[in-house]
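Q: Build me a model from this:
(one chain, ligands or ions: 1)
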Amino acid sequence: MDELVLWGRLNSINVQKVLWTLEELAIPFQRIDAGLHFGVNKTPEYLQKNPNGLVPMIDDNGFILWESHTIMRYLAKKQTTLGQLYPNDNQIQAKIEQWHDWYNTVCWPPMRTLFWGYVRTPEAERNAQELESARQQMIKVLTILEDQLTKFKFVACDQFTLADIPVALVAYRWFNIPIERPSFPNVERWYQEVKKRPGFLKYSSDPLS
Ligand SMILES: N[C@@H](CCC(=O)N[C@@H](CS)C(=O)NCC(=O)O)C(=O)O
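A: Predicted coordinates:
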């Protein structure tokens with residue numbers, strides 16, 4: 001059986017979600033750098049597999065899959081002996097999917113603005129008003145997360161699951177950009193916990209780029 005192939009650069013949040021999941025599940029894989037200055041993702045060969053021209057994408061023995069959260073869930077379902085990340089319980093799985101959708105629609109958009117503004121835009125070109133509005137929006141996002149983490153130890157339930165990974169990668173960005181941050185004690189308590197996971201340490205502890 002061929003080793004799973006992952007396309008994507010190491011500094012992409014969506015690629016990091018998949019890398020962290022692969023680490024948790026101890027799945028062997030090879031990675032091909034793709035995206036931004038690496039190119040690859042806009043070539044006709046790549047676009048034939050993923051017409052969006054985005055990373056990550058995987059090839060699991062000829063089975064092509066894109067969309068980071070879908071890839072994470074696919075990988076977790078493959079490793080049935082290690083089912084803790086995506087427990088075989090319809091309601092817990094639905095909660096995990098709910099937080100994945102929430103990440104896409106509510107959580108990431110303002111964080112993306114802050115990330116691109118502070119990390120990938122020269123200071124002189126930053127739009128202060130847009131950045132402040134995104135910071136305010138992120139405070140609302142974190143208020144929702146704080147409320148959830150007051151009731152549960154982790155994002156979806158009382159155990160670490162696939163719901164924690166994308167949100168922890170957002171938290172890493174939030175805590176590492178030069179902005180004023182109000183205190184969210186339960187988010188901070190949870191973040192200290194998820195930061196210890198080997199997948200976080202291996203793939204998400206480099207300076208933001
Ligand atoms: N919804 C997609 C979004 C994928 C996406 O936006 N990927 C970005 C990197 S984080 C990308 O490919 N950007 C173009 C590039 O890197 O060249 C997912 O979750 O996988």
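
Q: Pull up the distance across stretch 150-167, start to finish.
A: This stretch, stretch 150-167, spans 16 Å end to end (Cα to Cα, to the nearest Å).

Q: Need the residues that contact that stretch.
A: 13, 17, 20-21, 68-69, 72-73, 76, 84-87, 92, 95-96, 98-100, 103, 107-108, 145, 148-149, 186, 190, 193-194, 197, 199 (Cβ atoms under 8 Å, 6 or more residues apart in numbering). To be clear about C-beta, it is placed using only N, CA and C from the backbone, and glycine gets the same treatment.

Q: Please work out how many residues are found near the residue of the chain found nearest the ligand.
A: Using Cβ to the nearest ligand atom, residue 35 is the residue of the chain that sits closest to the ligand, at 2.8 Å. Neighbour count for residue 35, taken as other Cβ atoms under 10 Å: 21.

Q: cool, and residue 178?
A: 5.

Q: and what of residue 143?
A: Neighbours around residue 143, by other Cβ under 10 Å: 13.

Q: in which helix or strand would I find it?
A: Element membership for residue 143, per DSSP states H and E: helix 128-151.

Q: Of all the residues in that helix, which ones are buried?
A: 131, 134-135, 137-138, 141-142, 145-146, 148-149 (16 or more other Cβ atoms under 10 Å).

Q: Tell me what angle whichever helix or strand comes after that helix forms with helix 128-151.
A: Following helix 128-151 in sequence order, the next helix or strand is helix 164-175 (DSSP H and E). Counting by axes from the mean of the first three to the mean of the last three Cα atoms, to 10 degrees, helix 164-175 lies at 130 degrees to helix 128-151.

Q: Tell me what angle the helix or strand following helix 164-175 forms with helix 164-175.
A: Downstream of helix 164-175, the next assigned helix or strand under DSSP H and E is helix 185-194. Here helix 185-194 points in a direction 110 degrees away from that of helix 164-175 (the same axes, to 10 degrees).
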